[in-house]
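Enquirer: Sequence and predicted model, in that order:
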Amino acid sequence: MCFEGMNRKAFLLGFYSIGGQVLLLRELVSSLNGDELFIGTALFGWLVSVAAGAYLGGTTRLGVRSTTLFIAGVFLLPIMIVVARLSPLTVSNVVGEVIPFSTAALISIVMMLPPGIVSGWLFASITREGRTPAASIVQVYLFEGIGAFVGGVLITILAGGIVSTLEMAVLLGAVVIVGILPAYRKRKALLTLFAAVSILALSLVAQRTVSRFDRYIDGVKYESYRVEKSFDTHYAHQAVLWRDGSLILLTDNTVEAAYPDLLTAENLLIPPLLYKPAAQKILFIGRAEFGIMQLADRLPGLSITVLDPRRALSWKIDDVILISDGVRRIDSDPMAFFTRRQATDKYDIIIMNTGGLDSYKNSRLLTKRFLTMVRSSLTPGGIVYLPTRYDTDRYITVEQRALLSIIYNVLRESFNHVALWPGSMTLLFSSDAPVLDIPYDSIINRLANFEYAPQFISENYLYDRLDEFRMERLREAVSYSDRVNSLDRPLIPYYQVIYRAKTTTLDRHVVSFILSRPAWTVGIPLFIFLFFVLAGAGRQKKKRYGLFLYLTAGLVSLALELISFYVYQSSAGSLYAEMAALIGAFMLGLAFGTYYSVRVGRGRLEYPALLMLLAATVIFLATYHRINPQVLLFYHVCFLFVVAAATGSLFVAATNRYYPTGSETNRGAGYACELIGSSFGALFSTTILLPVIGLWWLLVALAVLIVLAFVGSLLTVRER
């Protein structure tokens, strides 16, 4: 097999690998209630399975051809996407029920195993077609990076906005099938034309048939409801269901809103008006079509602006609900809206209907940085109103105390006055003016003077809800701790997992123990140091130390990539819209670093690679929180490109050490070791260590690991 054929297959491997990874991640997050914490567990499953596939492919004598593996992977990917979407049915068929953390983590890992094993096996199979281990491994790694760059950009642009996740998987399969056709030199033009026509035809068939199948799957998943709408956006998977005269909006398998639901609508809109009855301009962060718009029409003098990034969802909702002409909708992410100074208007009340706080996407809105920007958009005496889903009507658990105290402390950091209401929805009000310091009688008088007579928020309802005993119990609960949620240490999703863990026996004993007693994480650096000692000792330490360099390259690069994604989303507001640029920069940097290092030759490549990786980490640590929002994307693109270029160079250096000679060497072992390091970075960096030790110490720990790898390279440079 010539290098031209091997390079083409390596390119297709990268295209398939990044496609399978991104599409399955999208589907799993949307099926597991939109919780981003499962990105880490899913990537762990993917990387471990790719490592296993690479190792098995390098040792087995089955001789499975790469073409056979490609075909198996093409059919396997859409099947696993369908299985992932239906996976919540293994736990419950109740619409929107939250899946226990341990079960969801297991699902996220298992779903990634089959396509991951195929991807890893393909790497070993394709490298076997080369002449020597080192040359073929680096060659495949290079073109895999180029294929992943192209695939990452195309899939991120198309998936969700133009085609659904399942449609994209079918289209990806079409590209791979056409790509593995034999490339005869004399018929290249004809083959290229045939490939383009075939891919176009298959994509048209996919759009016509798969979109219907998408809706059918949701019909199976929500069998007791009629599926009115089912589609993907750049931000989530959406479904609009109908039953018994009610519409339900599902976002990532979680009930976001229902209509009609007057009780919830009144709780979202009426309470802040009791503190500021003269309010005219209101900014509502969230979806307002499911009750808020209709209620606002019955309150003369109100002007409501609705802020939500899902433009495609707005178009779909217009087909099923009558939209009020008096409400202005802005299709923008809240963080981006305020960061980019789009919020030129001033508002009397800003309602933050953030929904569940399980994810970094929602919890980032409860930080001092965001609330400070929100405060600047208030009129004098304006109010920020936060309705939560925590029930403090009868009893307040320890987990609720921890969460509510963190939220309360963040509000107190940003505003001079904070008021609380207990109940089935615990409500928090914030303002810089003493408008919240009014007695109960004044609230009742204002309620009586309303032009609209609320059906649920009545005098008797408020008398019971604002009972002094309940109010005092809630005030005591929010004094539970002095911790705050921040960009450097996002605590809310972390404690939300502990809060949810109490609902099932397994989570209560396992997950709560792991998260509540983080001392066990000391074992992570001990394991790495033990591997460092074993790899750098013995007669073949120069060769074996290549495995530690592989581990370092995978662990540091993936941890820094996930950290960059987290910081960018938390700072700029949006992530999915710019994901193409970020993934593309990383994959392009990986290919560039590999190509440049191959051209340089067999010098001491690990030294400049590690120094570049260390410099990028230290500079990011010193500057990530000081970047102007206007250049934020450029900053993270440059950072990921440099990290990936250093990683590609380090991979070549590790390969030169571990594969100096010998055509019979397991060509999947080094790649598998790098993927094991990547799986560590995926599982522990942003999923566990970020909220436990904070972003600053996490970056310091990665810098220490790079220094350790550099010292080891110096000590093992000569054989004894």
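Expert: Received it, and whenever you're ready, just let me know what you need. Numbers count the residues shown, from 1 in each chain.
Enquirer: pull the longest strand from the chain.
Expert: Ranked by residue count and defined by DSSP state E, the top strand of the chain is strand 378-387.
Enquirer: what sits up against that strand?
Expert: 267-268, 271-272, 275-276, 279, 281, 346-354, 366, 371, 374-375, 407, 411, 415, 425-433, 435-436 (C-beta atoms under 8 Å, 6 or more residues apart in numbering). The way it works is simple: take the backbone N, C-alpha and C, and place the C-beta from them, glycine included.
Enquirer: Show me what secondary structure element comes after it.
Expert: Counting by DSSP states H and E, the next helix or strand C-terminal to strand 378-387 is helix 398-414.
Enquirer: what's the angle between that following helix and strand 378-387?
Expert: Comparing the axes of helix 398-414 and strand 378-387 via axes from the mean of the first three to the mean of the last three C-alpha atoms, to 10 degrees yields an angle of 180 degrees.
Enquirer: and the gap between the closest residue to Arg215 other than its chain neighbours and Phe75?
Expert: Once flanking residues are discounted, Arg215 sits nearest to Ser230: 4.5 Å by C-beta to C-beta, 6 or more residues apart in numbering. Separation of Ser230 from Phe75 (C-beta to C-beta, to the nearest Å): 23 Å.
Enquirer: Backbone dihedrals for the residue nearest to Arg215, both of them.
Expert: With angles defined as degrees, to the nearest 10, Ser230 sits at phi -150, psi 120.
Enquirer: And Phe429, by the same measure?
Expert: phi -120, psi 140.
Enquirer: Contacts only, for it.
Expert: Phe429 touches 271-272, 275, 383-386, 418-421, 436, counting by C-beta under 8 Å, 6+ apart.
Enquirer: Apply 6 Å and report the result again.
Expert: 383, 385, 419, 436 (C-beta atoms under 6 Å, 6 or more residues apart in numbering).
Enquirer: Quick one: the residues you listed as CSV, columns for neighbour count, pLDDT and distance to Thr504 too.
Expert: Below are these laid out as CSV (neighbours: other C-beta atoms under 10 Å; pLDDT from 0 to 100; distance: C-beta to C-beta, whole Å):
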residue, neighbour count, pLDDT, distance to Thr504
Ile383, 28, 96, 38
Tyr385, 24, 96, 33
Ala419, 20, 94, 34
Leu436, 19, 91, 38
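Enquirer: so, if you compare those, which one comes nearest to Ala646?
Expert: Tyr385 (46.8 Å; C-beta to C-beta).
Enquirer: So what sits opposite that closest one in the bridge?
Expert: Tyr385 forms beta bridges with Ile351, Phe429, as assigned by DSSP bridges.
Enquirer: again with Ala419
Expert: Phe429.
Enquirer: So it is in contact with Pro434, correct?
Expert: No - Ala419 is not in contact with Pro434 according to C-beta atoms under 6 Å; the separation is 10.5 Å.
Enquirer: Check what pLDDT Val163 gets.
Expert: Note for Val163: predicted pLDDT of 81.
Enquirer: Can you name the residues bridging to it?
Expert: Ala159.
Enquirer: Any idea how many residues pack against it?
Expert: Per other C-beta atoms under 10 Å, the neighbour tally for Val163 reads 21.
Enquirer: With Ala54 instead?
Expert: Ala54 has 30 neighbouring residues, counting by other C-beta under 10 Å.
Enquirer: Same question for Arg298.
Expert: When neighbours are counted by other C-beta under 10 Å, Arg298 registers 11.
Enquirer: and if you look at Ser442?
Expert: Neighbours of Ser442 (other C-beta under 10 Å): 11.
Enquirer: per the record, what domains does the chain have?
Expert: Partitioning the chain according to automatic domain parsing yields domains covering residues 1-130+162-223, 246-501, 517-720.
Enquirer: so how far is the first one from its chain's centroid?
Expert: Spelled out, it's domain 1-130+162-223. When C-alpha coordinates are averaged (C-alpha atoms, centre = their mean, to the nearest Å), domain 1-130+162-223 and its chain have centres 19 Å apart.
Enquirer: list the contacts for Leu403?
Expert: Leu403 touches Tyr495, counting by C-beta under 6 Å, 6+ apart.
Enquirer: Ser230 and Phe75: who's more crowded?
Expert: Ser230 (23 against 10).
Enquirer: how much space between the more buried one and Ile407?
Expert: Distance from Ser230 to Ile407, by C-beta to C-beta: 33 Å.
Enquirer: starting at the chain centroid, how far to the helix or strand containing Ile619?
Expert: Assessed by DSSP H and E, Ile619 sits inside helix 606-623. Distance, stretch centre to chain centre, for helix 606-623: 25 Å (C-alpha atoms, centre = their mean).
Enquirer: average pLDDT across that helix?
Expert: 95.
Enquirer: All further residue positions should be reported with the first residue as 53.
Expert: I'll keep to 53 as the first residue from here, and by that count the last item is helix 658-675.
Enquirer: For that helix, which helices and strands make contact with it?
Expert: Judged by 3 or more C-beta pairs under 6 Å, 6 or more residues apart in numbering; DSSP states H and E, helix 658-675 is in contact with helix 684-710, helix 742-767.
Enquirer: Turn those into a markdown table, columns for mean neighbour count.
Expert: Shown next, in a markdown table, are these (neighbours: other C-beta atoms under 10 Å):
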| stretch | mean neighbour count |
| --- | --- |
| helix 684-710 | 24 |
| helix 742-767 | 19 |
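Enquirer: For Gly71, which of those helices is the nearest?
Expert: Using C-beta to C-beta, those put helix 684-710 closest to Gly71, at 18.4 Å.
Enquirer: Skip ahead from the closest one and say which helix or strand is next.
Expert: helix 721-736.
Enquirer: I'd like to know which elements that next one is packed against.
Expert: So helix 721-736, by 3+ C-beta pairs under 6 Å, 6+ apart, packs with helix 89-111, helix 593-624.
Enquirer: Centre of the chain to the longest one, how far?
Expert: This points to helix 593-624. Distance of helix 593-624 from the chain centroid (C-alpha atoms, centre = their mean) equals 17 Å.
Enquirer: Quick check on Ala309: phi, psi?
Expert: Phi and psi for Ala309, reported as degrees, to the nearest 10, are phi -160, psi 160.
Enquirer: do the same with the one 4 residues further on
Expert: With angles defined as degrees, to the nearest 10, Asp313 sits at phi -150, psi 80.
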